[in-house]
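# Model the structure of this input:
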Amino acid sequence: MKLIYTPILLLLFMLPAIQLGPIDKIAELIKQGNVHELAKFFADNVDMAVLDNTNVYSKTQAEIILEKFFKENKPLSVKIFHRVSSNSNYNFAVLILNTDKGKYRVSFTLKEAEKEMVIIDLRIETEKT
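Here you go, the predicted model:
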């Protein structure tokens, strides 16, 4: 009977060692509305579209634009809708972001740069229901 609990205990000890991937980390930061930490994932220049505002922005400009978006739209929850992470040099994800003002579709592309995954493209659109 004691042998039944051994695998469960082993899994419990391993849980802290499980690392979140970059998509999960970014989804969590978006859920928190933590733009300062999210900006650490930005490439030097980010192709970004927030609603009708589309351009290529520097890391600092992108942070300011997202800060404004999250001040106007307080995040309530995030669901990972789609992810592509089979290539270690390129990841893509689509999130559904619920805010106090409505639902948004957030998509982003990550690319490896200097052994770190950075956001090269970020889009926030109104979710079509």
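# Give me the residue at the spatial middle of this protein.
Nearest to the centroid of the C-alpha atoms of the chain, with distances taken as CA atoms, centre = their mean, sits residue 26, at 2.6 Å.
# Show me where the protein has its helices.
2-14, 22-32, 35-39, 59-72 (DSSP state H).
# pLDDT averaged over the last one - what is it?
Confidence over helix 59-72, taken as the mean pLDDT, stands at 96.
# now stretch 96-114
Averaged across stretch 96-114, pLDDT comes to 95.
# same deal with stretch 34-51?
96.
# Quick one: residues in contact with that stretch.
By CB atoms under 8 Å, 6 or more residues apart in numbering, the residues outside stretch 34-51 that reach it are 22, 25-26, 29-30, 54-60, 62-63, 65-67, 69-70, 110-111, 113, 117-126. The C-beta positions use only the backbone N, C-alpha and C, and glycine is treated the same way.
# what about residue 109, how many neighbours?
18 (other CB atoms under 10 Å).
# so who does residue 98 touch?
Residues in contact with residue 98, defined by CB under 8 Å, 6+ apart, are 75, 76, 77, 78, 79.
# quick one: contacts of stretch 118-129?
Contacts of stretch 118-129 (CB under 8 Å, 6+ apart): 26, 41-43, 46-51, 62, 66, 69, 96-97, 102-112.
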